[in-house]
Structures are given as structure tokens and as C-alpha cells.
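Colleague: quick one, structure for this:
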Amino acid sequence: MKSALLPPNSPDASADIFTAAATSFAGQAELPPLHPVNVERVFNALREMVRPEAPGFGRPFTRGEIFRGQLESHWKAARVVSFDIFDTAIVRKCQAPRDVFLFLSDHAPFLGRGTPEHFAALRQQAEGVARRRVLAATGSAEATLLEIHTDLASLAGMDSALIPQMVAAEEAAELSLCVTHPFLQQVYRRAHASGKQVWFVSDSYHNAAFLRKLIAACGYTNANDRVVSSCDERCSKGSGQLLPRLLQASGLSSQEFVHIGDNMQSDCALPIRNGINGVWHPLAGAPEGGAPNESKESSLAAGLAAWGTRTFEPARPFWWRFGFSVAGPLLVGFTWWLHSRMREDGVTRAYFLLRDGDVLKRVYDELFKGDPDAIPSALLESSRRAFMLPALGPSAPSLTSQLFVSENPRPAGEYLTRLRIRIDDLQPVFVQAGFRDANEVVAPDDLARLSKLFSHARVVERIGVRSAEERDLLMRYLRQEGVVGHERRVALVDIGWNATIQKSLDHAARTARVPANVVGYYLATFPPSVRDTLSPMRGYVCDRGQPVSMFQQISNFRQLAEFICTSARGSLLHFAAQGKQVVPVLAEPDHDGQQMDMIRELHEGVLDYAVVMREEGAQFGVQSLSPDAASREYFRLIQRPTAEEAALVGSARHGDGMGASASRAFAQFGNQSFTADSILSDYANGYWKQGLLNQHTPQALMLRSLLWLHEG
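Modeller: Okay, here's the model as predicted:
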């Protein structure tokens, strides 16, 4: 896992970790910490930041900056640097602390005795019983792991002779799940290099002997380090008593000691209340609340996503983090499901439909690298425009509606020119349809006039001629690529929605009397996908709009999935003959340089996540992910984005394809006058309303106020 995630320029142990500069927003300067040798640099940086024209002017300090500044202020006087263990010095690959219990069933004596969920629930119950029992006997609720498993054996009906093995099983689970926090390990090494003593102090049911073994396995190997566990002491940091007791026994003054931990209360607020230097180390991007998961698959997927985004300081770039933690789980879950379903259906070859299928194939290749059961796959040139036009006819009326598809206003003539239909002599036809001329800009919902235009005999004739010409080229291309012309079952893989390309292929092949045996596999399919269907199709997140809750969530902002799966290449316009071959004719790329960089970074994060899940999934026996678990963070971002996500994802631009290049931002306020009407118009026309509402801008503040007044 380390090799997949560590950035190529990761600082080594000798680097001055307190001068690292980074923020989540590109172009903003990070304030160096208050280290004596950097005073002049601090002054110069401050002077630059407070210039009104400076890009970082007015921004608050990041939590990482605050941590480094606070730690540095205590560093010189400290003789002892103390670390909390879990979620500080080390982090778990699972999402929540209690999720460790889901992995008990991987180890004897739990193996084969029940489901992971069964033992996880019993283990949690046993801890409550043990803590109450120990509290009654000792006055402290700090139970040991042995005491907890004594009660677990009773609850599970297991022989008491197995208790030592049960304890060893949980310790083995912890050892398999815990990894170092790379930044805090650098703090640890700096402490030793500075001649300071290091303590590890944890509120834990694990005893100090095991904790020493655990942190050593994670790279904290100095035998002189002191390790303290609350269960051994029958006293916790959370009670506010453990750290004062340790300091008093050691003879240290409070100024000679600094403690670092992730819990704001027990590691920071309570020590400070007792005159002890406590420094809160926030895990950037750590999940709030830490609610336990229902399965080890979902916990591992979410835990690894959080690990990759919260433990690097400086933080990795935003779009890499987005790809790793948001898009990564969604696409990995889909790809595992895809592989399983294709094997069940007897698929002999998988075709990933360009453009959206490009990153999907790369994820598939990464997850099943070297797997003899991997199904042969290839990319297939495709687009709605290039497949739909050859399929037009009375057998598929739903495809005709694709002629009117647009998400942005555009000239009426463009609806025909994007189909390569001549319009220079059709001026009277546009007028008869109700347009001023071919240049009149048409709103996407102006279907009545568009329908009248496409129903005109001259337009119908020209579309029919173009459809026949392109059908011949499409069939030649599909034969050339091995998709049609035989009885072997092949897969079409795409993000989906209405399965227009699959239906178009089927109807064009039927009209041309070419045999085809295809099955479609999609991230999601919507209710209209069932119309005019000739071959089977399957959806992962939702199938034909079911379950409704998943359909509603993904359809409310489907453009985000399209952006995640897009590529830097141009859209397919049509096919052309080139000698004996049929080749694609592509449009110019519809992303500018900045957006191409965003996409590349996003896909790098997705593929890094796929590598990690392949490796860790093999270790823990995880080869599937439920749609709910895979989409959890994706839907969280859509519904409850952070200000950073709202601003940066909102700035991404999206077009509607079909051979046209018009695009607009997902969630961005316009440059028109700052008025209530303009802001409400931006909100009404925005792709992503929560993206607008959650930005930290004057326009977003006004929007929230206007909506509150309206609802009130």
C-alpha cells in the first residue's frame, strides 16, 4: 500500500517537516511555522499574504498550519514528546475503530463459527458487559482485552479454554489492519534526532506489551520509548487523570512535556485544562463520527479511501484526493461487480465504450492484472450521435428523441449540422417550423418547434439518406472489431443511463441483418432504458431505476459521473472509410488545458485506489463491494459537499455531447450584476444546486438567505 500512495517526492526522515508548504487550493501559499531559523521567511510570507491582491488574502490558517505552529511553540522546551497511538501515530485500514471486530472471523477460533457481522455485534456487546463489570470491581471502566473476551466467550457460547486464542485473534486482526501515519512518523524521528524522550500513551483495552509490538510493526522501533495503556493503569486520558499522573510520577514540569493526539477532548482540551501542553493533530478528511460499518468490505473500502486522503502532509492535490476517495470506491465496486456478472453470463469479450469506458477499462485492467480469469477486453469507439443516427427507424421510436437532446441553448441549425445534414437550402423549412431562421438560439425544452422541424419531409428524407450511409460504415466497423457478425456473447460496458448506444447497435444490426449477441453492463440504468430494448442489460448502482432511492440520488446529478469517466480525447462524430479499414472521426477535445489536468489527476487517484484495493482485497478476502458502500462517499459529496468540494467540483465544466461543444460549469455563479434575480437564476439553471449552496462566497450567502426567506 505504501508504494501505491506515497508521492514520488515524499520527504525523507531528515527533511524539515515543519517547513512543508501546501494547501488544498492551488495557488495559495502556506504559512511556514514559527521556527527561529525561519523568522525572516515567516515575515516575508506574511507580508505577501496580506497584500490585497495576493491569492491567499483573507484565508484562514489550515488545521495543519495551526498544528505545526502549536507543536513548534512547545518543541524547544519539551524533554518528552508523547503520542496518542490509534488515529495518530498509526491508523487503521478499516473506517471506524469498532470495524476491527468485523475481521475477527478471519482468524481462529472464530473462523467458520459465524458471520463477521455476528461476531462484531457480540464483541461490541461483550465490551459493554466487561466495562460495567470492571467498573463495579475497581472503580474504573478501563477493561483489558482479556476481560472483554472472557465475556465474549460467555455470550458466544464458546469454551473458556479458547479465550487466549480469542485474544490472539483480535491482536492479529489489529496487526493486519494498522499502518503508520507517515507524517507523524517523521515527527517521531525528529524527536529522537533532537535527543528527546518519546512516550506513547493510549486509551485502549490493549495492554502495553501488545501496543509496543503493534507500533514496532508500524515502524516505531526504538526500545527506549515508553508505552502506556489505560487498561493497565485503570485510568484514562479521557478522564483527565492519566497524563497528570504520568507527569507527576516522572518529575517532569508541564513545560517539559508535549502530547499529540487526534481526540480534541482527551488529547488536547483536558491536558490544557490541567496545565499540560496538548496539541490536537487533525486527520484531514477523517470521517466525522466514525460510525461502524455493516460489513468488512464496506469498512475496508471506506477506511482505505480515508487513509489515502488524510495522512499526507502536505495534502495531495484536490483532484487526486477526489479520485481516490470519492470516485475510486464507486468505480472499483462497479468493476468487481462487472467481472462477476460477465463470468455468470458467459461473456467471451468485453468492449468498453469510449469515451466514458476508457477509465473503466483501466480500472478493470488494474484490478485483474495477472488474473487468469480476467475476461479479454478492448476499447470500442462509440458515441450516442455516431450509433443513434444509423439506427433511426420505426422499430425504435425512443431513439428519435435523441435527435433533440441538448442541455444547453444552441442555434436551431446546429441540431441538423451535428448530424452532417446540409441546411443552406432549408431556410423555408426553419421558418415553417416556427423559427426566425437557422441561427435562432433554441432552449433545450423547446421540443414542439424542434419536433415540427424534424417532421418536415425534406428533413426526414435527408436524415434517412444519412442514416443509411452511416449504418453501413457502423456495421463494417463493428465487424472489423469483432463485436457483431457471430454468435459469441460480448459485453458492452459504459456508465449507462438509457443504454442508447446498446439499443442503437441492436436496431442498426437488425436493420442491416447482421447477427449480434450483446449484453450491456452499466454503472446505472434509468427507467427509459427498457424502451425498445432488444438485448439484456444490467445496472450496478440502480437497474432500470430500482431501487428508487439510488436512482434519485444518481440521476439528480448524473453529470458528475459523466465528468469522472470522461477523457481528454474528443468525442466520436462518425466513422469514415480509409482503404479497407473503417476509422473514427473525432471532434476536437472539449476540455481546456486546465480541465484536462484535472481529469488526469482525478484518474491517477482512481487508479491508485484500484491498486490499493487489489492488494488489500487479496489480503482480506474482499473481492466485492455493495452498491451502497461503493457510492456512499459519492452521494455524500453530492448532497453535503464541503466548501472546498463545492468550489472546485462546481468549477468543472460539462457539455452534452452529440457532436456539440457547448458547456457550462456544474455550480458557478455568473458574472452578471450581483442581484437577487441573477443569483436565483443561477440556482434554477445550475446542474448542482448543493454545490452552489455550500460555497463560501457572498453570492452563496445571499442565495441561502433568499431560499430561507422564500421557505419561511
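Colleague: three-state assignment of the residue nearest to residue 699 when sequence neighbours are not counted?
Modeller: Excluding the flanking residues, the one nearest residue 699 by Cβ to Cβ, 6 or more residues apart in numbering is residue 669, at 4.2 Å. (Glycine included, C-beta is placed from N, CA and C.) Secondary structure, DSSP: H, G, I helix; E, B strand; the rest coil: residue 669 is coil.
Colleague: and the next helix or strand past whichever helix in the chain runs longest?
Modeller: Counting residues, the longest helix found in the chain (DSSP state H) is helix 593-620. As assigned by DSSP states H and E, the chain's next helix or strand after helix 593-620 is helix 627-639.
Colleague: buried residues in the next helix or strand after that next one, which are they?
Modeller: Next along the chain after helix 627-639, taking DSSP H and E as the criterion, comes helix 643-651. Using 16 or more other Cβ atoms under 10 Å as the test for burial, helix 643-651 gives 644, 645, 646, 647, 648, 649, 650.
Colleague: show me the strands in the stretch 151-300 of the chain, by range?
Modeller: 178-180, 197-202, 226-229, 257-261, 277-280 (DSSP state E, counting those that start in this stretch).
Colleague: over to the stretch 401-550 of the chain?
Modeller: Going by DSSP E, counting those that start in this stretch, the stretch 401-550 of the chain shows strands at 410-411, 441-442, 490-497, 518-525, 537-542.
Colleague: tabulate these (CSV), appending mean neighbour count, mean pLDDT and distance to residue 208.
Modeller: Listed next are the strands of the stretch 401-550 of the chain as CSV, based on neighbours: other Cβ atoms under 10 Å; pLDDT from 0 to 100; distance: least, Cβ to Cβ, whole Å:
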stretch, mean neighbour count, mean pLDDT, distance to residue 208
strand 410-411, 18, 90, 70
strand 441-442, 16, 92, 73
strand 490-497, 24, 97, 51
strand 518-525, 25, 98, 48
strand 537-542, 24, 98, 46
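Colleague: among those strands, which is nearest residue 215?
Modeller: Residue 215 sits nearest to strand 537-542 of all the strands of the stretch 401-550 of the chain, at 39.9 Å, using Cβ to Cβ.
Colleague: what distance separates that closest one from the middle of the whole chain?
Modeller: Distance of strand 537-542 from the chain centroid (Cα atoms, centre = their mean, to the nearest Å) equals 19 Å.
Colleague: give me the contacts around it.
Modeller: Here strand 537-542 makes contact (Cβ atoms under 8 Å, 6 or more residues apart in numbering) with 330, 333-334, 337-338, 341, 496, 499, 502, 519-526, 529, 550-551, 554, 627, 630-631.
Colleague: tabulate the strands of the stretch 401-550 of the chain in TSV, adding columns for distance to residue 655.
Modeller: Below are these laid out as TSV (distance: least, Cβ to Cβ, whole Å):
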stretch	distance to residue 655
strand 410-411	11
strand 441-442	16
strand 490-497	15
strand 518-525	19
strand 537-542	23
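Colleague: so which of those strands is nearest residue 371?
Modeller: Closest among those, using Cβ to Cβ: strand 490-497, at 16.5 Å.
Colleague: that closest one to strand 518-525, inter-axis angle?
Modeller: 20 degrees (axes from the mean of the first three to the mean of the last three Cα atoms, to 10 degrees).
Colleague: now residue 569: phi and psi?
Modeller: phi -80, psi 160 (degrees, to the nearest 10).
Colleague: what's the spacing between it and residue 576?
Modeller: Applying Cβ to Cβ, to the nearest Å, the value for residue 569 to residue 576 is 17 Å.
Colleague: if we can go back for a sec, the residue nearest to residue 699 - how many residues pack around it?
Modeller: Counted with other Cβ atoms under 10 Å, the neighbours of residue 669 add up to 22.
Colleague: confidence score at the residue of the chain positioned farthest from its centre?
Modeller: Taking Cα atoms, centre = their mean, the residue of the chain most remote from its mean C-alpha position is residue 428, at 51.4 Å. For residue 428, the pLDDT comes out at 95.
Colleague: cool, residue 711 as well?
Modeller: Residue 711 is given a pLDDT of 75.
Colleague: also residue 405?
Modeller: 75.
Colleague: what does it show for phi and psi?
Modeller: phi -60, psi 130.
Colleague: test my guess that it contacts residue 385.
Modeller: No - counting by Cβ atoms under 8 Å, residue 405 stays clear of residue 385, with 9.1 Å between them.
Colleague: the more surrounded of those two?
Modeller: For residue 405 versus residue 385, the count of surrounding residues by other Cβ under 10 Å is larger for residue 385: 25 against 16.
Colleague: any idea which helix or strand carries the more buried one?
Modeller: helix 384-391.
Colleague: give me the below-cutoff pLDDT ranges for this structure.
Modeller: 1-61, 283-291, 656-662, 672-673, 712 (pLDDT under 70).
Colleague: roughly how far apart are the most centrally placed residue in it and residue 265?
Modeller: Nearest to the mean C-alpha position of the chain, counting by Cα atoms, centre = their mean, stands residue 326 at 0.9 Å. According to Cβ to Cβ, residue 326 and residue 265 sit 29 Å apart.
Colleague: likewise residue 484?
Modeller: 65 Å.
Colleague: do the same with residue 372
Modeller: 52 Å.
Colleague: do residue 711 as well
Modeller: 36 Å.
Colleague: looking at those two, which one has more neighbours?
Modeller: residue 265 (15 against 6).
Colleague: report how many residues lie close to the residue lying closest to residue 210 once chain neighbours are set aside.
Modeller: Excluding its sequence neighbours, the residue lying closest to residue 210 (Cβ to Cβ, 6+ apart) is residue 171, at 5.6 Å. Residues lying near residue 171 (other Cβ under 10 Å) number 17.
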